[in-house]
Structures are given as C-alpha cells and as structure tokens.
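1. heads up, no residue letters with this:
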C-alpha cells in the first residue's frame, strides 16, 4: 500500500497550473521517485467563480484556513507571490506543522531569514528552488552539490525579459524602446516592465543566491541596482567592436572586506560562457575554490519550467517526510559578512562621451582620469559631426570612488559636451 | 559538542589528494554545513613508503581491512579506481555497515546495479557524483533537482581530453596526431590515450547518466561507441563551412521504442549551447518535459574539481547520517527499457567522398541514396585535382540502416574513389 502525501496549493496562476499539470502528466514517474502518491487536495484561489483551464480531483477554496489547518495536508505549496498575505500564510503553515515549498522571490529576498527560522522551529522543510531562475537547479547546487567549496563569485543572467530585449538589440541592431514594445506584445515583458528593466527582479534573485553562496544574509535592499533603459544601439555597436556583449548581470562576490552585490548592465567578453546566453534563457556562473568555474543554464521563467522546480522540491520534501528527516537543511547563513558600499566596488568601465574636436582634448581627458587614479586599457575616437568627436574609453579595473571622482572632473571640463553612458565590464575575477 | 564523523579513504592518488586538501582548506565551512567535524582517519595506499606530497592527521595503511572493519569509520570513500579490488572493497564496506562515496565510473558503468542493491540491503548511502563530469553536479540534478521531469534526452561533452583535441584542431586548423601529441605532453592525454580518444571513457559516463535519466539500467556494454581518431582537419574545415563544430558527443535519448545510447563525433550547430564548450571543459545538456532545455557546465576532471564532487557527496552523507536518513535515494532504476540497436538510430549525416569528376556522377549518387530512402539537406562539391572532385553530402535525418544500405551501393559505384568520413549531426530533438 503506497503512502499518500497530500498537498495544498496557495494560488492557481501560471506556476500553480504548471505544478498541477506536471504532477498529473508525470504521476507514474513521480510516484516511483518519491515512493508515494502525491495528491493535490485543496487549492486556495481568490475568486471561486473565475473560469479555469485546469481541472482535477481537488477542492477549490477562497479561505486560506481550509488549506492551512487541514490535518491531512503535509506540504503547503505557496505560488501566489507577493509579500502579504503569502508571508502570513507560510508562517501559519509552519505553526500548523506543515512543510512549505515556495516560488516566492519577493518574499525570500526580504524575509528569508524569518521564514527559515520559522521552518527550523517547526522542524519542517522550506524549499524554494523555483524562486530563482525557474527550472535551473541553482539553489540545490549551492546548498548541496557545491557544499565542499568556498564560493567566491556568482554571476547571473537571471532576468529573461531584459535578456530578451538586449539579445534582440544586439542581434538586430534595434533600439531599446522598440524592442521593449515588441517584448510586451509577445508577453515577454509586463505592461508595467519596471521591476524587470530596472533590475529589481534580478536584485531579488541575487539576494537569495548571495545569501546561500556566501552563507550570510543578503536582502534585496543590500543590492546596488541599475537597469537597462539607458542602453542604446550605439553602446551595443561599441560592445561588438570591443568583442563583448551587453548583458544585465547580477554580480555577487565574496571578498576579504565584505560582499559585493550588484545588478547592472555589463560588457561580458564574447569568449565568456555567459556571453552566449541569449533570449529568454537564464544562466548562473559560479566559481568555487575546488570546482573552479561552473555554469547552470536553462529557462528562467514560465509555467512548466518554474513548475519543474516546484515539483522537484515537492518530491524532495516527500522523500524527507518518508525518511522522517525534514528540516535537515534549512538556513545556511552562519556568517555575518559586511555588505560593501558601491564606492568600494572594483570594475573596468566603458565610458562614452562627446567632446569638442579640438587639439589636446584627449590629452586633457587622460590627465583628468589619471589624477583620480584611473588609467585606460583602450580608447576609440570617432569624428561624429563637424567639430564634434565621440570618444569611448575603456578603463583598467578601478575602484568606483576613483571613477566617480574622475567623472566629476570630466563633467566640469568645458570641452566635454556630454557623457552618454558609463557601463561596467564584468567577467569574474577568475576568468581568463 | 560537535559530532565527529570519521572517513576512510581507499586510494591517495589525484582525487584522494584533492579530497584531503578540500576537507582541510574548507574545514570551517564544511563543519558549519554538515554540523559535524569530518575527519579522515585512515587511508589505504598501495605502497606505504612511496613519497607523498600530502600529509595530515590520518593513518596510512596497506591493508584494506584496516579501513573497512574500523568501527569508528562511518563513510568509506573509494578513489582508487578500476573494477577490482574496488568492487570487493565497496561491497565489504556495506557489509560492515558503512556508507560509501565513490568516483569510480568504470565500476558503476558495469556493476552499478549490484552496488546500489548492496547499499539498499545495508540501509546505507552510495553516492557517486564524482563519477561523471568531475565537479559538475549532474547526478544530483537528475536524481533530485529535475525529479519532476520526464527526461527525453541527455547530450554530453564528457571527455575533456577529446574536447581539448577537437578544440585545438578547430581553433588552430591542426591535425589530430599533432594535437594528440601536444595533449600528451601537457598532461591532458594519457600516454595510452585509447580509452579517451576511442570514446570508452565517455561511454562509461553515459551509461551512468542514461541509467539515472531514464530510470532504467544501462551498462557500458549497451553503448554504441566511435572515437575521434578519424577526424581530419578537412572535416573540421567543412564543419565551419556548415556553421557547426565537431564534438565527441555522448547521446542518450528515450524514445517510444527504447533507449538510444551512443558516443561518437558529431556536428553540433554553432548556435547550440554545447558548441561553445571548449578545451578541457565538460557540459551536459538535458531536456525534460517540464524544465525544457538545461545545461550544466564545468571542469570534468582534475584533483580539485573531482574532489569537489566527492567532498560535497561526503557532506550530504554526513547530513543523512545526522538525520538518520541514509539509503533514502539509492537505485532509481524502476523501468526496464529496451536498448535500441544502432540500425535503428536516426540522425542526419555528413558524408565526405572523392569521385571521378565526370558528368552525371552526382546525379547517380543522389539516385543511389534515394533508392535507400536517404535525401539531402545540402551538397558541397569542390574540384580537388584534375578529374577528381570532393563531394560533401549532408543528409536529412535518416534511419541508420538506410544510410548503411546507401553507403554499400555508393561504395560499389565505380566512379567513387573513396569515402573519407561519415559523421552524424546532432542537436537534440528539441532544439531549434
């Protein structure tokens, strides 16, 4: 007689529907792998009367308590998203002695510590693979498969919308606004694309990744964020000239003086494995002291890819329930590392500016940068109009405070007409 | 008072030394992650008097029983390699109530079932992440993180030696023999490179991967194998012309009529994520019905990358010991799927041949192929000498038996001077 494990779902949107579909279409394999029959018994929805494309042998309810207090339910799967009421429901689930699987990056990036503490206190599992990069198993990799390593850096392309936009700009030479509009029409970008294009979505995921990679709590508020709205087709063209590709990169580095966590557009060298990650795909590049460079690639969003992560988490929790070993790996933040201020970040920079095309302008510019301690790896100068030149400077790696000081002097220099863009180079410390 | 878990090592070669180094350099993190002090207490070596670069607080012994019957040792780590005596030692370890972590692909690819059965009977763990693709956590991904999926295919670059050779041939236009010699001098290829260049090493790893991906036992003897020794710089040049890269590919597909498992050189389209995997790096591309396409990338060999997998496995086993939940996930082969014969494989093919440069030769060739049911996607013809032309044919996907029938007719055709090479195209069923 095979054991039955009952699941309660909070939410029946894109991810929730994917979870139900996968549990159904792979029921036989899932039963063999978990040595249990996994049954969705109750689903919390906002509106009981809304039309649904998904049906099954479960009860719909609009009362959270119906799910949270059902003594037959062992695992609560939170796929409603947002901070509240999701947070209250998850905490209540632990109080009621349930295990929790969630896909909620917003919540974890802000209140991960509190939720993991509650799981520990209850002696239950909190699994959240689906919260970062959809179906890519990066959380399990960091918590378990790379556990022998000291991780020094994590570089991620973890927002599909911006990667779709930047890929289309790169491959088709088109402008940001035009591609964004197309992405919205195709459903790859939201009507309000702010959280994606401004980098906030990636920052949330990065906070989760950095916390696990460095075993020290990082919240979304710790992450320095710049979006992609300022990237133009000119920058994209220069990237090609510099054998690079512009990506919205999520960067986490553990250094002697603290953790650097930042999301921003970056020039990635074309021979770096992240450079070839195109369209809506995600990838996370991880460097560990033993394993060296690794990369995890796949679909970062969507009903089934995200559902894949949720269902695989459910299977792990069921295995843990069967072995009576829940709460074996929850919070792993045993360090308390400082978060570095952006003044102390270190990167090489691309700087594109317009100057009056007069003698000694470039020499003066070089001097202004040198005075702030910034030197150049390469320089491109192009005549743009009569008496106007465009200059692209690529610096050697420099501390960000020095660069900002240099830019202040440059901005004050009368021959400089405008600074169009300043974009970091990033390839990871350990890449050559 | 932190629990101490004692480890016995069988072997102190490249991987064993890496394991000891990692346990030492990351002792603090490993203790925090496993909530235990992990101590190597005994190490089995062949020659007690051999000079060693690694030292530590452990006892060397040349008697396996010293390790296997030590009641204080909870985990036996087998890093000696080969079939015997490794197999006997592992079986004895289970009899003695120990958990086992191994990096031994030769053994698992042949006797995996027997070992996993022994682990189950003993109620102990058998972990073997390091047996495939070094530090890349592909076993855990297939057994756990992708457990919600039905996996349809696994394509791997899982032999660093051949990938180094093919990359050098591709990037530098050099010949096989010359690059092989260089690889031997650099230590990337063995003095006897047979197991690598003939594809056997990759076949062993593929047998392990396919068994787990499809939940059905596949042994190395089931795998169809072709090596890379026949690849010439001419083939490499044509690959470029056809926007492809030649890789030694390990291919496993689950189809309605059985499992296809094969290792051979293949043309991989340049826009496929595997095409950019260069040098000694490994990558495994996995397609699941829910997750879609994923890829796992990293170093497939070496003391520390392989040690990373072994140590991470040790940490998992320690976590299981602490939770009293060993033997929770061992053998996952609940299916018994047929292994397809090579006659039934389906691929597109590249065929390079020399013909007399006379009228109607190409038309006759096309006819001979058509009679066997093989048609062409593209044709390249080049004048090579007076009255001699080289023809490259790329077929549409065809059943291998049809292709072989066609090649028999072509070989018998008097205008054909020689068939230089026949190489499969592979991009995965689900790739577009």
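-> That came through, no problem. Small disclaimer: the values here were computed from a predicted structure and weren't measured. Numbers count the residues shown, from 1 in each chain, chains lettered A, B, ... in the order given.
2. Tell me, how many residues neighbour the residue nearest to residue A:353 when sequence neighbours are not counted?
-> Nearest residue to residue A:353, sequence neighbours excluded (CB to CB, 6 or more residues apart in numbering or on different chains): residue A:419, at 4.6 Å. In this view, the C-beta of every residue, glycine as well, is placed from N, C-alpha and C. Residue A:419 has 14 neighbours, counted by other CB atoms under 10 Å in any protein chain shown.
3. what's near enough to touch residue A:419?
-> Applying CB atoms under 8 Å, 6 or more residues apart in numbering or on different chains, we find residue A:419 in contact with A:351-353, A:407, A:410-411.
4. go with 7 Å
-> Shown in contact with residue A:419 (CB atoms under 7 Å, 6 or more residues apart in numbering or on different chains): A:351, A:353, A:407, A:410-411.
5. cool, and residue A:38?
-> Residue A:38 makes contacts with A:5, A:7, A:23, A:30, A:314, A:318, as judged by CB under 7 Å, 6+ apart.
6. Could you report the pLDDT at it?
-> Predicted confidence (pLDDT) for residue A:38: 97.
7. And it, how far from residue A:7?
-> Using CB to CB, to the nearest Å, we find residue A:38 at a distance of 6 Å from residue A:7.
8. just to revisit the earlier point, just the ones of the contacts of residue A:38 in strands?
-> A:5, A:7 (DSSP state E).
9. Please identify which of the contacts of residue A:38 is nearest to chain B.
-> residue A:30 (6.7 Å; CB to the nearest CB).
10. Was I right to think that closest one contacts residue A:315?
-> Yes. Look at residue A:30 against residue A:315 with CB atoms under 7 Å: they come within range, at 6.3 Å.
11. Looking at those two now, which is surrounded by more residues?
-> residue A:315 (29 against 24).
12. who are the neighbours in contact with residue A:19?
-> Per CB under 7 Å, 6+ apart, neighbours of residue A:19: A:9, A:77, A:79, A:307, A:310-311.
13. element containing it, please.
-> Here residue A:19 sits within helix A:14-25, counting by DSSP states H and E.
14. So which bits of that helix are buried?
-> For helix A:14-25, burial by neighbour count (16 or more other CB atoms under 10 Å in any protein chain shown) applies to A:14-23.
15. Stretch A:26-40 too?
-> A:26, A:29-31, A:33-36, A:38-40.
16. Would you mind measuring from the closest residue to residue A:141 other than its chain neighbours to residue B:27?
-> Residue nearest to residue A:141 in three dimensions, not counting chain neighbours: residue B:137, with 5.4 Å by CB to CB, 6+ apart. Using CB to CB, we find residue B:137 at a distance of 21 Å from residue B:27.
17. Repeat that for residue A:245.
-> According to CB to CB, residue A:245 and residue B:27 sit 40 Å apart.
18. where does chain A have low pLDDT?
-> Scanning chain A for pLDDT under 70 picks out the ranges A:1, A:429-432.
19. what do you get if the cut-off is 80, keeping everything else the same?
-> The model of chain A has pLDDT under 80 over residues A:1, A:330, A:428-432.
20. Report the outermost residue of it with respect to its centre.
-> residue A:359 (45.9 Å; CA atoms, centre = their mean).
21. and residue A:148, that one's in a helix?
-> No. If the criterion is DSSP: H, G, I helix; E, B strand; the rest coil, then residue A:148 is coil and not within a helix.
22. Next, the closest residue to it other than its chain neighbours: secondary structure please.
-> The shortest distance from residue A:148 to any non-neighbouring residue, by CB to CB, 6+ apart, is to residue B:311 (3.1 Å). The three-state label given to residue B:311 by three-state DSSP is helix.
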